[in-house]
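1. Build me a structure from this.
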Amino acid sequence: MRKAIRSSVFLVLCLALSASAFAKATITIKNTDKAGVGFNDTTPIAPAGGNPGTTLGQARLNAFNEAARIWSEKLDSDVEIIIDASFAPLTCSANSATLGSAGPTNLFSDFDHAPLANTFYVSALANKIAGHDLHKDPDCTGCGAAHIRARFNGDLDKDSCLGDTGWYYGLDGNHGTNIDLVVVLLHEFAHGLGMVGSVVVPGADDDTHEIGSFRYGIPVVYDLHAKDDTTGLRMDQMNDTQRAASMVNDQNVVWDGELAKKAAGKLLKAVPNMSIGAPASIAKTYILGYAQFGPQAPVAGITGNLVAATDVAEPAGSGLVAGTTNDGCSAYNNAAAVAGRIAVVDRNRCKFAEKAKIAQTAGAIALLVVDNQEGFSTAVNMSGSGDAALDASITIPVVSVTKAEGTVIRAALGAGVSATIFADITKLTGADKDGLVKLYVPTTASPGSTYSHWDIGAFPNLLMEPNINDDLKHEVDITMDQLNDIGWNFGTSTTPTQPAPPTPTNGGMNGRRYGRR
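-> Residues are numbered from 1 along each chain as shown. Below is the predicted model:
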């Protein structure tokens, strides 16, 4: 018997396959805004970046339709995909904002042609496989017409929300310092198309399910491709306790789909490393983060002494606290000591490319940025400044290290430390030793982000990382291959490559919301 569950997914933001013979999907944006707001906002604006809209509402709808067009050209389905869309005054302040949320409205299992028994599929994918709209079946009580629900922050165009930063409605990707709405939409629509797991993560707003359990007793198909390298087991092969441990097993939970693995092998770059031989307290090889600008770490390596750069502390201003003397955001007062060596600065205050330019001007041969955020075992990949000329002017490698490792390194610099920064071509950024792409499962779980995104260690940055990076383009990269791993772009008579069906942890379904914030 087919099972259906209504869902409400709230995912908060903090290489397509080559063309083949399949029909494009039809994706329809359904305006659910009230008169005068959201898509119906008549505030006049100037057309920008190929978007002909002359009002906020028109520009917003055009951006939604562009994201729908991009996804529709990648998907194969004979069933129309309807997205309920609206703008709302979501959480926002001068320094942070909830950009938006989207997810499937329903989950289905054991429907016509379902490749796997006792496994949930999101509405759009289930409809594609079944060959008809399951929402229209008489036993799908209360399903509604829409297959994906999307809600975005209408306050981002106000000065009270993120200051001078707002939505960029252009269709050309030239967003500058603003937030590219099309990129955010591509990200959120992917959650609605199937990039969602059902394992209850620590801290989730759910008082009826155990941490590590499947929210509805059986997995969604996404869960069947998430594997823990520590145990060697997929989520459907574990018990609740093992899954709970996996949800905070940073760097050890991967996507085992073959199509995503193949695409990642062509897209992801070699891992940057730093080797230190002495003193013993810091002697080891460190995995570093990349910069999205400047030359990458050479395979042959670049060697030099690490030197802590010092600068004048900048005054507070423009919403910033007063600067420190080690953030590298103004000219060094020890430039002579840095020249010909690897400068070390902290992440803070100014943009990474600005730090790099100052280090380069001082004569540094490379820049090592120490992260300022706790709890991450992966070094941050550093975005560009948004200033193409500045980014293009950087000629030295720029890499980063975690706060925990950087703090220890800084403490040892007084004794003199020589380091070699190099690219390890045997490893891919954001992937394990077998080339499987890592999922985002930080040691401190983040409900709504944990487990339903790619890890932040990937380079280049991926669309489905938990944060929207400035360098993303209007492309869906390996996310399309991941969706293909769970069943997209296969005929309904062809079973996609998937593991054997799991044994349900219990047979009872319930009607609680599939809530992920």
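2. Can you give the domain ranges for the chain?
-> 3-190, 269-315+322-428 (automatic domain parsing).
3. Could you point out which of those domains sits nearest Leu472?
-> Ranking these by distance to Leu472, with C-beta to C-beta as the measure, places domain 3-190 first at 4.8 Å. Backbone N, C-alpha and C define where each C-beta goes, glycine included.
4. Surely Thr26 touches Glu80?
-> Yes - the criterion here is C-beta atoms under 8 Å, and Thr26 meets it with Glu80 at 4.7 Å.
5. just flag whichever of the domains of the chain has the lowest average confidence.
-> If you rank those by mean pLDDT, domain 3-190 sits at the bottom with a mean of 88.
6. could you pull out the strands for the stretch 201-350 of the chain?
-> Secondary structure of the stretch 201-350 of the chain by DSSP state E, counting those that start in this stretch: the strands cover 226-228, 233-234, 253-255, 270-276, 284-287, 302-308, 342-346.
7. my bad, the stretch 351-500 of the chain
-> 366-370, 398-401, 417-428.
8. now the shortest one, how far from the chain's geometric center?
-> Translated: strand 398-401. Relative to the chain's own centre, strand 398-401 is displaced by 20 Å; criterion: C-alpha atoms, centre = their mean, to the nearest Å.
9. can you check stretch 384-399 too?
-> 22 Å.
10. Okay, and the beta partners of Phe108?
-> Assessed by DSSP bridges, Phe108 has beta-bridge partners Ala4, Tyr121.
11. where do the helices sit along the stretch 401-517 of the chain?
-> Using DSSP state H, counting those that start in this stretch, the helices found in the stretch 401-517 of the chain span residues 403-412, 479-485.
12. Could you export the ones you listed as TSV, including distance to Gly289?
-> As requested, the helices of the stretch 401-517 of the chain are exported to TSV (distance: least, C-beta to C-beta, whole Å):
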stretch	distance to Gly289
helix 403-412	11
helix 479-485	21
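13. Return the most buried member of the strands of the stretch 201-350 of the chain.
-> Compared across the strands of the stretch 201-350 of the chain, strand 342-346 shows the largest average neighbour count, a mean of 27 (mean count of other C-beta atoms under 10 Å).
14. Parallel or antiparallel, list what pairs with that one.
-> Using DSSP bridges, strand 342-346 pairs in its sheet with strand 302-308 (parallel), strand 366-370 (parallel).
15. what separates Val184 from Ala97, distance-wise?
-> According to C-beta to C-beta, to the nearest Å, Val184 and Ala97 sit 11 Å apart.
16. Kindly report the same for Thr402.
-> 26 Å.
17. Distance of the residue of the chain most remote from its centre relative to Asp78?
-> Within the chain, the residue lying farthest from the chain centre (C-alpha atoms, centre = their mean) is Ala336, at 40.0 Å. According to C-beta to C-beta, Ala336 stands 69 Å off from Asp78.
18. now Ser96
-> Taking C-beta to C-beta, one finds Ser96 at 42 Å from Asp78.
19. In terms of packing, which of those two has more residues around it?
-> Between Ser96 and Asp78, counted using other C-beta atoms under 10 Å, Asp78 has the larger neighbour count: 13 against 10.
20. Just the element for that one, please.
-> Under DSSP states H and E, no helix or strand contains Asp78.
21. For it, give me the backbone phi and psi.
-> The phi/psi pair for Asp78 (degrees, to the nearest 10) reads phi -90, psi 0.
22. and if you look at Ile179?
-> The phi/psi pair for Ile179 (degrees, to the nearest 10) reads phi -100, psi 120.
23. I'd like the strands paired with strand 342-346 as a markdown table, with distance to Asn178 appended.
-> A markdown table is the format used below for the strands paired with strand 342-346 (distance: least, C-beta to C-beta, whole Å):
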| stretch | distance to Asn178 |
| --- | --- |
| strand 302-308 | 35 |
| strand 366-370 | 24 |
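24. Show me the one of those that comes nearest Tyr121.
-> Nearest of these (C-beta to C-beta): strand 366-370, 42.3 Å.
25. Would you map the strands across the stretch 51-200 of the chain?
-> Counting by DSSP E, counting those that start in this stretch, the strands of the stretch 51-200 of the chain are 81-88, 100-104, 106-109, 121-122, 148-153, 167-168, 179-180.
26. if I look at Glu210, how far off is Gly217?
-> According to C-beta to C-beta, Glu210 stands 11 Å off from Gly217.
27. And those two? Which one has more around it.
-> Legend: neighbour count by other C-beta under 10 Å for Glu210 and Gly217, higher for Gly217 (19 against 13).
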